[in-house]
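Q: just coords:
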(Lines give C-alpha, C1' and ligand atoms only; values in the text may rest on other atoms or scores of the structure.)
Protein backbone atom coordinates (compact mmCIF):
# COMPACT_ATOMS: atom_id res chain seq x y z
CA UNK A 1 0.00 0.00 0.00
CA UNK A 2 1.40 3.40 -0.92
CA UNK A 3 1.87 6.10 1.68
CA UNK A 4 -0.84 8.24 0.13
CA UNK A 5 -3.35 5.41 0.40
CA UNK A 6 -2.24 4.75 3.98
CA UNK A 7 -3.01 8.35 4.93
CA UNK A 8 -6.49 8.06 3.41
CA UNK A 9 -7.09 4.72 5.14
CA UNK A 10 -5.99 6.13 8.51
CA UNK A 11 -8.28 9.12 8.03
CA UNK A 12 -11.24 6.88 7.27
CA UNK A 13 -10.33 4.64 10.20
CA UNK A 14 -10.36 7.69 12.48
CA UNK A 15 -13.83 8.65 11.28
CA UNK A 16 -15.14 5.13 11.84
CA UNK A 17 -13.58 4.79 15.31
CA UNK A 18 -15.27 7.98 16.51
CA UNK A 19 -18.68 6.46 15.63
CA UNK A 20 -18.11 3.16 17.42
CA UNK A 21 -19.38 2.55 20.93
CA UNK A 22 -16.02 2.08 22.59
CA UNK A 23 -14.98 3.76 25.85
CA UNK A 24 -13.82 7.34 25.41
CA UNK A 25 -10.38 6.69 26.90
CA UNK A 26 -9.68 3.98 24.30
CA UNK A 27 -11.18 6.14 21.57
CA UNK A 28 -8.89 9.03 22.53
CA UNK A 29 -5.80 6.80 22.43
CA UNK A 30 -6.73 5.29 19.06
CA UNK A 31 -7.49 8.67 17.48
CA UNK A 32 -4.27 10.16 18.89
CA UNK A 33 -2.21 7.26 17.51
CA UNK A 34 -3.88 7.57 14.12
CA UNK A 35 -3.26 11.33 14.11
CA UNK A 36 0.42 10.92 14.95
CA UNK A 37 0.72 8.30 12.23
CA UNK A 38 -0.91 10.59 9.67
CA UNK A 39 1.40 13.46 10.69
CA UNK A 40 4.57 11.36 10.45
CA UNK A 41 3.58 9.90 7.08
CA UNK A 42 2.77 13.42 5.89
CA UNK A 43 6.27 14.61 6.83
CA UNK A 44 7.78 11.64 4.98
CA UNK A 45 5.69 12.41 1.89
CA UNK A 46 6.69 16.07 2.03
CA UNK A 47 10.38 15.13 2.23
CA UNK A 48 10.03 12.82 -0.76
CA UNK A 49 8.24 15.53 -2.71
CA UNK A 50 10.94 18.10 -1.93
CA UNK A 51 13.74 15.72 -2.87
CA UNK A 52 12.05 14.90 -6.18
CA UNK A 53 11.64 18.56 -7.09
CA UNK A 54 15.14 19.64 -6.02
CA UNK A 55 17.35 21.09 -8.73
CA UNK A 56 20.36 18.79 -9.24
CA UNK A 57 22.59 21.77 -10.13
CA UNK A 58 21.63 23.85 -7.10
CA UNK A 59 20.45 26.78 -9.21
CA UNK A 60 16.88 27.47 -8.23
CA UNK A 61 16.56 30.81 -10.00
CA UNK A 62 17.58 31.34 -13.59
CA UNK A 63 17.02 34.20 -16.00
CA UNK A 64 13.89 33.66 -18.03
CA UNK A 65 15.58 35.04 -21.14
CA UNK A 66 19.23 35.40 -22.17
CA UNK A 67 20.92 38.74 -21.57
CA UNK A 68 21.62 40.85 -24.61
CA UNK A 69 25.08 42.17 -25.43
CA UNK A 70 23.98 45.84 -25.24
CA UNK A 71 22.59 45.30 -21.73
CA UNK A 72 25.92 43.96 -20.53
CA UNK A 73 27.92 46.67 -22.32
CA UNK A 74 25.85 49.65 -21.14
CA UNK A 75 24.85 48.24 -17.77
CA UNK A 76 21.18 48.48 -18.71
CA UNK A 77 18.93 45.91 -17.12
CA UNK A 78 15.21 45.48 -16.82
CA UNK A 79 15.41 46.73 -13.21
CA UNK A 80 16.79 50.19 -14.18
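A: On my side now, so go ahead. These numbers were taken from a predicted model, which means no experiment stands behind them.

Q: Let me see the contact set for residue 27.
A: 17, 18, 20 (C-beta atoms under 8 Å, 6 or more residues apart in numbering). For the C-beta atoms, the positions are set from N, CA and C on the backbone; glycine is no exception.

Q: mind checking the SS state of residue 49?
A: The three-state label given to residue 49 by DSSP: H, G, I helix; E, B strand; the rest coil is helix.

Q: ditto for residue 22
A: Judged by three-state DSSP, the three-state class of residue 22 is coil.

Q: so where do the helices sit in this structure?
A: Here the chain has its helices, by DSSP state H, at 3-19, 24-53, 69-74.

Q: Turn those into TSV, including mean pLDDT.
A: Formatted as TSV, these follow (pLDDT from 0 to 100):
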stretch	mean pLDDT
helix 3-19	88
helix 24-53	86
helix 69-74	58
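
Q: which one of the contacts of residue 27 is nearest residue 37?
A: Closest approach between those and residue 37, by C-beta to C-beta: residue 17, at 12.7 Å.

Q: Tell me how many other residues crowd that closest one.
A: Applying other C-beta atoms under 10 Å, we find 14 residues neighbouring residue 17.

Q: Quick one: residues contacting it.
A: Contact partners of residue 17, counting by C-beta under 8 Å, 6+ apart, are 27, 30, 31, 34.

Q: if I look at it, how far off is residue 27?
A: Plainly put, residue 17 is 6 Å away from residue 27 if you go by C-beta to C-beta, to the nearest Å.

Q: thinking again about what came up before, what about the contacts of residue 17, which one has the most neighbours?
A: When neighbours are counted as other C-beta under 10 Å, the busiest of those turns out to be residue 34, with 18 neighbours.

Q: do you know how far it is from residue 45?
A: According to C-beta to C-beta, residue 34 and residue 45 sit 16 Å apart.
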